[in-house]
Every structure is written in structure tokens, then in C-alpha cells.
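Chemist: have a look; sequence and predicted model below, questions after that.
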Amino acid sequence: MANIVLTLSTAVQQTLESTYAAHRVERQAPGVQFAAKLPDTAITSYRSGKVMFQGAGAEREAHKWGTPTAKAVTATKGDVLPQGFASLSVAGSDETGTGDYFGPITVAAVYVPAEKIELVRELGVKDSKQLTDDYMRQIAPDLMHSLHYSLLVLRNEKYNDLQQKGYSQGKMKGLLHNQALNKLLQKISPTTPDYLLIDQFAERGVYYNYLKGQRNIVEQNVLFSTKAENLHVSVAAASIIARYAFLNEMDALSAQVGVTLPKGAGAKVDAVAARILQQQGEDALKRVTKWHFANTDKAKKLAARR
Ligand code: MN
């Protein structure tokens, strides 16, 4: 679902509201001063001056009023969420480390009941674009003390093993999300969340294909959306806890090999990998990397040239 936010001047906002007056609907959400519903677009006008356009016609309508800045365009894909979703009790899950040559994949699932949403915000969970690694390191321990969560770390040896057995990264992620959600549901039982929200890395059908043959497949009330960290704080908290675990693992691996391991999969990664290859050999490098990444070949070539 397309989701576009414009910040408008008071005058333009007033014109907008009178233009859509015939389509006005009641919406009691905080900060909302006007809402309208067209056949294919929901328009929500906030006291802050922001106006949100959602639905198939969002782009068409939004362009009548202004040009969204690149950052304000958040086209999410996946399920259309129930009204007021952000204030429901939700278990969210997210992963990190999938694009990093060095280090594990980490997946966290976090339950945020409605009555703790405000607390989670107060602990510093905000717009994901403002979250630096250092900031996440600061707030993750508080979140882990205040919330029920489960955290899984897929270390490189196991990752490489599964990869060689023919598991795609998508399948590994699917298995990890399902396992994390299962563990979390056990922890909070007999409480059940209103919904579970998975930060979508694969569409529903693909996700459940990955899980074929597994026991304990979590399916009830599961929703998928991209950019889910902006849709419920539980996913934002999961993403922070997963990242925190990833950073800690990277610290430990860096200490193990005696080099600060860079994140990502760029040229710096190749250079560090080449150095490890030369000084410690292939096995040592393999133990701290996702071996099938193209970085391995690049590092081998770099190492051969020196
Ligand atoms: Mn994600």
C-alpha cells in the first residue's frame, strides 16, 4: 500500500480539507483534525500540518498538493493493517546481518502489549532513520529489561553449513523468524497478542513455503509488511534488539580474529578479508563470514596479488 506524507502550509491544508469535505469521515486518532475517504485513497490531515495519503490513489491525490520529499515516501508492501494497528498489542519480528559478509544473522521477536507502547517510546524507540548503531547499543538493554523477547543468533559456521546443504538465505530467515515467534509466544503464554507482524522479507506464500515440513508453524493472526518498524513499535524494538546482538557478535568476532571487522559487503570488507586470508588462512576467514558471498572470491584475488 502506498503511503505518502506531505507537510503543507496552513492555507494549503485548509484548501485541501474543503476540497475533500464531501468525502469526510470521522477519525478519532490523536492529532487528526480531518480525514476523508475516496474510493481508492484515505486522506488524513494532522494538526501538525502533515497530511497522509494511503491507498492505490495516494500518489495521484498527493501530487495535487505538493511534492513529497524522498524521505516522506514510504511505500510499504504487504498486508493492509487493521485500523489503529499502532496501538494494539503486537508481537513483531525483524532480522539483521543478512547483507553483511562478516558476522551472523540475528533475529528478534518482541511483544509489546498496548499498555507498554508509551513506555517503549519513552525508552527511545523512534523513527528508524534516526537510529544509529551507537544509539541502539544504548537503548537495547532497557528494552530487553522491560519487554518479553526472544533472540536467535545464526553463527557463521551453522550458516555456511546450511548454505552448503542448499538452504537459501530466505529459507534461513523464514526458519529463524518462525522459531523466534514460537519461543516468544511460549514465553508470554497464556497471553496472546492481537497480531503478529513480520517485517516482510518474503511474501506470505513464499514465507510459508520456506516453512513446509516444519513443526509448530506460527500462522494465526500473522501479518506481513515491509518497513514494519514504522507500523508498530514491537517491530522497531525487535530490529533494535537484533541489531544490538549483531553488534555484540561483531565485537566478539573482531576480538577473535584480532581485526575490527567492517560491516556490509563493500571494498573495505574485501580488503580486511584478504588480510585475514593471508595472515590466518581460509578456515579462519570462513569461520567469521558468509562464505558464499562474492566477497570471498574478491578477497582471494586481492590476497593473491599482494
Ligand atoms: Mn527487516
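Modeler: Yep, it's here. Numbering: from 1, shown residues only.

Chemist: going by C-alpha atoms from here, please, whenever you check contacts or count neighbours.
Modeler: OK.

Chemist: for residue 28, what are phi and psi?
Modeler: With angles defined as degrees, to the nearest 10, residue 28 sits at phi -90, psi 10.

Chemist: hey, where'd the helices end up in the stretch 1-150 of the chain?
Modeler: 10-19, 58-62, 117-122, 133-146 (DSSP state H, counting those that start in this stretch).

Chemist: of those, which is nearest the ion?
Modeler: In terms of CA to the ion, the element of the helices of the stretch 1-150 of the chain nearest to the ion is helix 133-146, at 15.2 Å.

Chemist: in terms of secondary structure, what does that closest one contact?
Modeler: helix 233-257 (3 or more CA pairs under 8 Å, 6 or more residues apart in numbering; DSSP states H and E).

Chemist: most packed of the helices of the stretch 1-150 of the chain?
Modeler: helix 58-62 (a mean of 18; mean count of other CA atoms under 10 Å).

Chemist: for it, what is the distance to the chain centroid?
Modeler: 26 Å (CA atoms, centre = their mean, to the nearest Å).

Chemist: could I have the CA atoms of that helix written out in PDB?
Modeler: Extracted C-alpha coordinates of helix 58-62, given in PDB (Å, rounded to 0.1, in the frame of the first residue of the first chain):
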ATOM      1  CA  ALA A  58      -2.300   8.000  -2.900                       C
ATOM      2  CA  GLU A  59       0.200   9.200  -5.400                       C
ATOM      3  CA  ARG A  60      -2.400  10.800  -7.700                       C
ATOM      4  CA  GLU A  61      -4.000  12.700  -4.900                       C
ATOM      5  CA  ALA A  62      -0.800  13.700  -3.100                       C
END
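
Chemist: using a markdown table, lay out the helices of the stretch 1-150 of the chain together with distance to the ion and mean pLDDT.
Modeler: Output for these, formatted as a markdown table (distance: least, CA to the ion, whole Å; pLDDT from 0 to 100):
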| stretch | distance to the ion | mean pLDDT |
| --- | --- | --- |
| helix 10-19 | 34 | 92 |
| helix 58-62 | 24 | 91 |
| helix 117-122 | 19 | 94 |
| helix 133-146 | 15 | 95 |
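
Chemist: OK, contacts around the residue of the stretch 151-300 of the chain found nearest the ion?
Modeler: The ion sits closest to residue 199 of the stretch 151-300 of the chain, with a gap of 4.9 Å, by CA to the ion. The contact partners of residue 199, by CA atoms under 8 Å, 6 or more residues apart in numbering, come to 92-94, 224-229, 235.

Chemist: of the residues you listed, list those near the ion.
Modeler: residue 94 (CA under 5 Å from the ion).

Chemist: redo the contacts of residue 199 as JSON lines? Include pLDDT.
Modeler: Formatted as JSON lines, the contacts of residue 199 follow (pLDDT from 0 to 100):
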{"residue": "92", "pLDDT": "98"}
{"residue": "93", "pLDDT": "98"}
{"residue": "94", "pLDDT": "97"}
{"residue": "224", "pLDDT": "95"}
{"residue": "225", "pLDDT": "94"}
{"residue": "226", "pLDDT": "92"}
{"residue": "227", "pLDDT": "90"}
{"residue": "228", "pLDDT": "93"}
{"residue": "229", "pLDDT": "92"}
{"residue": "235", "pLDDT": "97"}
